[in-house]
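Visitor: when you get a sec, could you give me coordinates for this:
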Amino acid sequence: MDDYFETETTYDHEPRVEPGDERTETIETARSWDLPYLGDEALVIDSESAMRVGGEELARMGAAPVRCNDGNVRVVLADVTPERIAAVREHFSGGVEIGMVPPSALAPLLDAASMAVAAAGEPAGETVASGAAAAAPVWGRTLERVLGLFDNEATRLQELRGKLQELGGEMAARERRLQELEAELQQARVERLRDKESIDRLRHELADRNSRLERAMTKMQELAAIITGGQLR
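Guide: Numbering: from 1, shown residues only. Below is the predicted model:
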């Protein structure tokens, strides 16, 4: 098991994805356990391995034996724990490689493994007659997993809706504040115009008073000259 975790796994060619979806979460979990992410490959159930372990046991472990694009058989998980890895080592050969896929990808693989085991256990003449009965538990588990996925997505959508409502409230508050600031700015502009008008009016009045004072000074000088001239005579 230690040799397995020392196997070098690279993710240099994996595309970046937005955080929050199950693919991202699975990739992050795979990295933390130093396991390859196989969710982007076209995986098919390895019937021989599935029949050897059994569909019910595979479903209990949450593990599916698959044949990958390179032709090698690996066991894929959607959730990793030390106990689950130990169970995989116990049921499969010690050198089997373990990979990870999202929960939505593991569910149909487990169903396919159960169907492969059920089909292999029927005689050729009875396969058609009892196929529906053999597949009934499989479809029941499929429906349960699908409903579980719907519930998970509904929960995520509800959380997203709450976040959007919160964001909408913040945006509305910012919009109201912006309108208040625009109103304050407009009021400041009006007051500035009024102050400018008051300054212009005061300047005009001051200039008028200065003009009157100059005229009064001129008349006083003329009157003083007349009085002085009369005294000299």
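Visitor: low-confidence stretches in this structure?
Guide: Scanning the chain with the threshold set as pLDDT under 70 gives 1-20, 94, 120-146, 230-233.
Visitor: which residues of it fall in strands?
Guide: 44-45, 63-67, 73-77, 97-100 (DSSP state E).
Visitor: a markdown table please, covering these and showing distance to residue 38 and mean neighbour count.
Guide: Yep, even glycine has a C-beta here, placed from its N, CA and C like the rest. Formatted as a markdown table, these follow (distance: least, C-beta to C-beta, whole Å; neighbours: other C-beta atoms under 10 Å):
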| stretch | distance to residue 38 | mean neighbour count |
| --- | --- | --- |
| strand 44-45 | 12 | 18 |
| strand 63-67 | 8 | 25 |
| strand 73-77 | 6 | 23 |
| strand 97-100 | 4 | 20 |
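Visitor: could I get these as TSV with distance to residue 22?
Guide: Formatted as TSV, those follow (distance: least, C-beta to C-beta, whole Å):
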stretch	distance to residue 22
strand 44-45	21
strand 63-67	16
strand 73-77	14
strand 97-100	11
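Visitor: where is the longest helix in the chain?
Guide: The longest helix of the chain (DSSP state H) is helix 127-232.
Visitor: for residue 119, find the nearest of the strands of the chain.
Guide: When these are ranked by distance to residue 119, counting by C-beta to C-beta, first place goes to strand 44-45 at 11.2 Å.
Visitor: what are the pairing partners of the closest one, and which direction each?
Guide: In the sheet, strand 44-45 lines up against strand 63-67 (antiparallel) (DSSP bridges).
Visitor: how far off centre is the partner strand?
Guide: 30 Å (C-alpha atoms, centre = their mean, to the nearest Å).
Visitor: tally of neighbours for residue 190?
Guide: By other C-beta atoms under 10 Å, the residues close to residue 190 number 10.
Visitor: number the chain from 20, please
Guide: Taking 20 as the first residue, the last one we looked at is residue 209.
Visitor: could you tell me the end-to-end distance of stretch 115-123?
Guide: End-to-end distance for stretch 115-123: 23 Å, by C-alpha to C-alpha, to the nearest Å.
Visitor: same question for stretch 69-85.
Guide: Span of stretch 69-85 from end to end, C-alpha to C-alpha: 9 Å.
Visitor: one step back: quick one, which of the strands of the chain is nearest to residue 134?
Guide: strand 63-64 (8.6 Å).
Visitor: so residue 41 versus residue 68, what's the distance?
Guide: 25 Å (C-beta to C-beta, to the nearest Å).
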